[in-house]
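# give the three-dimensional model of this entry:
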Amino acid sequence: MGRGGKRGRGRGRGARSNGPSRPDDGQANRTDVLGAHEMHNKRFESYYTRQNLVSTPEEWSKLLEAARAPLPTTFRIAAGRETAQVLKDAIEKTYVPHLQGVVFEGEAVDPPTQLSWYPGGLGWQFNVAKKVLRRSPEFKRFHSFLVYETEVGNITRQEAVSMLPPLFLDVQPHHKVMDMCAAPGSKTSQLLEFLHASAEPGAQSIPPGLLVANDSDYKRAQLLIHQSARLPSPAFLVTNMDASNYPTLSLGTSAAASTSTATKKPKMKGLPANTTPLLFDRILCDVPCSGDGTLRKNVGIWKTWNPMDGNGLHGLQTRILTRAMRMLEQGGRVVYSTCSLNPVENEAVIAEALKTVKGFELLDVSSHLPTLHRASGLHTWVPATDKHLTFHETYASYIDSLPEDKRSTAKMMKSHWPPSSEEVESLHLERCMRVYPHLQDTGGFFVAVLERKARVRKEGAAKEGKRAAEDDGAGAEPAGKKPRLDADTTGADAPAATAAPAGEEAVAAEGVAVEEDVADDKEKEPTPPALDGSFKEMPYTYLAPDEPLVDAAITAAHLLPTFPRNNLLTRNPGGEPARSLYLTNDLVRRVVDNNDFARIRLMAAGTRIFTRQEGGFGAKGEKALAREAADGEKEKEALKKGERPSVWRLLSEGLPAVLPFADPAAIIKADADALRVLIAEYYPLLSSFAPEYKAVLESKALGSHVSRFHIPPSSTHDRELQLCLPIWRSANSASLMIDKKAKSALSLRVFGEDVSVAGREAAQKLKEAREKKEADSASAVASGAATPAVEGEAAEVGAVMSAVAEGAAVGQDVEMKE
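Model (predicted):
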């Protein structure tokens with residue numbers, strides 16, 4: 001979803017930029033630029049009145065009224081993590097009661113409430129102005145809690161309607177999943193949560209399935225990687241491809257396929273014979289769109305809305321969806337979604353895709369999420385053919401209105417219009433879902449769920465299907481070809497004659513064939529982009545299981561023989577384990593091994609689990625590993641005596657994947673007091689700990705270890721916690737190997753306060769700012785002068801932001817990235 005311009009969820013999402021971007025003066029998406037009296041657009045209101053989105057004028061007025069109101073803040077707790085129920089309990093039993101009855105500037109402020117339709121009570125909403133978060137002590141504490149937990153991936157700030165598509169995709173741990181237009185990654189993180197939700201005990205962090213997240217924009221793909229790092233997964237891949245022209249990925253040569261004619265798959269264009277293509281069980285198509293459903297937060301749309309934005313994106317949206325449908329396994333599911341209200345971007349795309357790629361049906365999911373209020377999809381609509389709202393009831397009348405010499409290059413396609421009355425009944429467009437702002441205080445959204453039916457077809461049809469799959473196919477759109485643009489249409493798409501990328505509809509699962517209308521769909525496999533040298537990412541190389549450094553890392557981490565050491569990879573041209581070691585599952589390995597990384601523009605694979613300990617004994621071999629430790633000299637002495645730790649350190653982000661394979665006898669048991677000491681200091685001396693924990697640490701070798709902290713119920717949580725965290729044992733000190741923000745989040749969750757060094761420093765700066773404000777006010781009163789309140793507020797905010805810059809975040813007003 002999103003805008004079609006430069007910075008929104010537009011053409012940069014699923015395909016290369018298709019035309020000139022709109023100028024961005026920094027004001028378009030600000031929520032404080034327009035007042036409610038300015039939130040009007042005659043073209044917008046006239047266009048959607050013509051579409052009959054709702055049944056009565058009264059309901060249309062309610063929709064507009066809701067669209068002009070500020071959008072509530074919504075967030076969700078990450079499912080599938082041990083922290084999920086702990087955080088839910090903390091919000092329900094600590095923060096919500098604490099926020100009851102809050103009054104700010106004479107007005108009551110409501111506490112957060114649950115989203116009734118989100119599974120497990122993990123979705124939340126609150127409608128609080130930013131100044132309340134800045135200046136109300138009660139909400140400031142709650143906001144700090146949200147920011148910290150967001151940083152470590154336990155909470156995700158996400159618009160409520162944006163949470164819907166992954167919920168309807170119904171992802172299971174064994175599924176092969178793709179997110180075609182994934183950046184910035186909020187929905188991707190949901191998919192990762194579901195992929196990890198119910199795997200077998202003992203291997204819960206390495207699901208058998210995989211998730212391929214793709215985005216065509218390189219910078220947005222980097223953002224996607226950054227966001228997804230909060231939920232590291234060995235089953236995760238990131239690619240940087242044009243979604244409408246995505247190539248078929250190979251899983252390698254199938255021995256069974258080469259020896260059995262009964263199960264042999266048809267030859268895929270672009271893949272060698274007997275190669276197993278990667279067909280997905282679930283695909284999310286959250287496509288680029290005009291974004292007019294986001295009016296409540298992107299209020300600049302009220303000034304810039306143009307019906308041609310949606311018209312121009314219709315062709316791209318259709319190509320992305322049809323490409324996804326062709327990459328789907330039998331019985332698989334595609335969810336198509338936009339944050340647009342426009343039927344040209346919604347029902348029109350669904351109708352055209354269903355007519356183009358046979359063997360699919362719209363699913364009726366009206367019983368899923370029963371407390372979600374939604375409207376049915378539309379059967380009829382009338383597109384505007386120019387920005388002045390010229391309407392034509394049919395495509396034929398539109399063509400007739402054009403001069404004869406312009407008809408062959410018409411900017412509108414037949415698919416912009418509704419299907420014929422004969423087609424409507426079979427398409428079941430009413431099964432699409434529309435979410436409007438006035439229904440449950442959300443943004444506007446559209447969701448459709450399509451499923452690929454598995455049917456056995458006749459032998460003759462199967463042979464014809466195989467020939468079609470092998471056919472080069474004439475008239476297919478060349479890779480990189482873009483539709484003709486026109487300034488008046490703001491990027492209107494190419495004529496209907498432009499062919500969509502082809503796929504493998506005739507490809508069947510082993511022993512099962514799909515009934516296809518081959519005559520309507522003889523298109524070739526999309527041509528992968530040429531290797532033009534623009535892709536500069538490093539390759540991923542799997543390491544030999546008997547690699548000495550691999551053996552050293554596994555031994556130092558005390559991992560059991562069941563650890564999948566054959567799935568360790570590194571990232572450099574020579575394939576040498578230089579800095580970091582990554583872990584993937586078997587399926588990701590098949591993708592990495594059997595596809596050229598540059599051709600599929602592979603940007604990320606798996607999760608890091610080991611890294612070299614920087615600043616340690618390196619080339620000189622005499623430097624202390626913890627250079628800031630209080631026992632630096634003693635550590636040097638220990639190193640000189642030969643007490644050298646392993647060069648590899650276990651990373652906190654990789655610990656969940658490694659923990660099922662850790663030797664239980666090697667895990668150091670500890671209590672809440674030990675955890676408090678480790679959080680409160682960067683390098684606490686061993687003498688700072690209780691005798692029992694100190695003795696255990698002293699018995700361990702220098703280097704990386706895992707400690708399991710038993711945390712009894714307390715006032716901040718009513719559940720017993722078992723926290724496994726990485727530590728580093730130095731000569732005379734220990735260190736908790738998680739970053740500052742993770743320490744603050746952990747401290748707030750366990751102890752109800754931030755006892756970390758960064759937290760104490762931030763609190764001290766805030767205290768000093770308040771004392772200075774009070775002193776200045778007292779001085780002003782004594783001198784008879786008035787001190788503007790805004791100066792005091794600016795000083796306080798300045799102090800807090802200074803602390804934030806140093807790694808603390810107490811009381812700051814920081815947006816949680818969606």
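
# what about Pro573, distance to Ala598?
12 Å (CB to CB, to the nearest Å). Every C-beta, even on glycine, is put in place using the N, C-alpha and C of the backbone.

# so what's Trp381 up against?
By CB atoms under 8 Å, 6 or more residues apart in numbering, the contact list for Trp381 reads Gln51, Pro343, Val344, Glu347, Ala348, Trp417, Pro418.

# what's the domain layout of this structure?
With domains defined by the TED database, the chain comprises 72-157, 160-252+275-400+411-452, 667-778.

# ok, back up a step: show me which pair in the contacts of Trp381 is furthest apart.
Gln51 and Trp417 (12.6 Å; CB to CB).

# please enumerate the shared neighbours of Pro573 and Ala598.
Common neighbours of Pro573 and Ala598 are listed as Pro539 (criterion: CB under 8 Å, 6+ apart).

# more neighbours, those two?
With neighbours defined as other CB atoms under 10 Å, Pro573 and Ala598 compare such that Ala598 has more, 17 against 8.

# which one is that one nearest to, not counting chain neighbours?
Spatial nearest neighbour of Ala598, excluding adjacent residues (CB to CB, 6 or more residues apart in numbering): Phe535 at 5.1 Å.

# phi, psi of that neighbour?
The phi and psi values for Phe535, taken as degrees, to the nearest 10, are phi -90, psi 110.

# show me what contacts it?
Here Phe535 is in contact with Asn240, Ala598, Arg601 (criterion: CB under 8 Å, 6+ apart).

# which parts of the stretch 301-450 of the chain are helices?
Here the stretch 301-450 of the chain has its helices, by DSSP state H, counting those that start in this stretch, at 301-304, 307-326, 347-356, 395-400, 421-427, 437-440.

# what does the stretch 701-818 of the chain give?
740-751, 757-783, 789-805.

# mean pLDDT lowest where, among those?
Among the helices of the stretch 701-818 of the chain, helix 789-805 has the lowest mean pLDDT, at a mean of 41.

# got a markdown table for the helices of the stretch 301-450 of the chain, with mean neighbour count too?
Conversion of the helices of the stretch 301-450 of the chain to a markdown table gives the following (neighbours: other CB atoms under 10 Å):
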| stretch | mean neighbour count |
| --- | --- |
| helix 301-304 | 18 |
| helix 307-326 | 27 |
| helix 347-356 | 24 |
| helix 395-400 | 15 |
| helix 421-427 | 12 |
| helix 437-440 | 20 |
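
# mean pLDDT for those: which is lowest?
Among those, helix 421-427 has the lowest mean pLDDT, at a mean of 90.

# and it, what does it pack against?
helix 347-356 (3 or more CB pairs under 8 Å, 6 or more residues apart in numbering; DSSP states H and E).

# pLDDT weak spots in the stretch 601-750 of the chain?
614-645 (pLDDT under 70).

# go with 90
Applying pLDDT under 90 to the stretch 601-750 of the chain picks out residues 612-648, 713-722, 731, 741, 748-749.

# at which residues are the helices of the stretch 551-700 of the chain located?
586-594, 632-640, 655-658, 672-680, 691-699.

# who wins for proximity to Ile554 among those helices?
Using CB to CB, the nearest of the helices of the stretch 551-700 of the chain to Ile554 is helix 655-658, at 9.5 Å.

# span of stretch 236-251 from start to end?
Stretch 236-251 has an end-to-end distance of 15 Å (criterion: CA to CA, to the nearest Å).

# mind putting the helices of the stretch 301-450 of the chain into CSV with distance to Ser652?
Shown next, in CSV, are these (distance: least, CB to CB, whole Å):
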stretch, distance to Ser652
helix 301-304, 41
helix 307-326, 35
helix 347-356, 43
helix 395-400, 58
helix 421-427, 50
helix 437-440, 38
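
# please report the distance of the nearest residue to Leu559 once chain neighbours are set aside from His388.
Distances taken as CB to CB, 6+ apart place Phe661 nearest to Leu559, at 4.9 Å, with adjacent residues excluded. Noted for Phe661: a distance of 65 Å to His388, by CB to CB.

# compare these two (neighbour count), which wins?
Just comparing Phe661 and His388: by other CB under 10 Å the higher neighbour count belongs to Phe661, 20 against 9.

# who touches the more buried one in this structure?
Phe661 is in contact with Leu559, Leu560, Thr562, Phe563, counting by CB under 8 Å, 6+ apart.

# okay, now the unreliable bits of the stretch 451-600 of the chain?
454-538, 547-552, 556, 572-579.

# can you get me a residue count around the nearest residue to Leu363 once chain neighbours are set aside?
Excluding the flanking residues, the one nearest Leu363 by CB to CB, 6+ apart is Val449, at 4.4 Å. Residues lying near Val449 (other CB under 10 Å) number 22.

# thinking again about what came up before, ok, now how distant is the residue nearest to Leu559 from Asn52?
Phe661 is 59 Å from Asn52, by CB to CB.

# kindly report the same for Ala129.
Counting by CB to CB, the gap from Ala129 to Asn52 is 35 Å.

# what do you get for Leu686?
74 Å.

# neighbour count: these two, which is higher?
Leu686 (17 against 13).

# I'd say the more buried one and Lys700 touch.
No. Contact criterion CB atoms under 8 Å: Leu686 and Lys700 do not qualify, at 10.5 Å.

# re the thing from before, CSV for the contacts of Phe535, including distance to His40?
As requested, those are exported to CSV (distance: CB to CB, whole Å):
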residue, distance to His40
Asn240, 40
Ala598, 50
Arg601, 44
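
# closest to Glu653 among those residues?
Asn240 (22.0 Å).

# got a list of what that closest one touches?
Applying CB under 8 Å, 6+ apart, the residues near Asn240 are Asn214, Asp215, Ser216, Asp217, Tyr218, Ala221, Phe535, Arg601, Met603.

# appreciated, that's everything.
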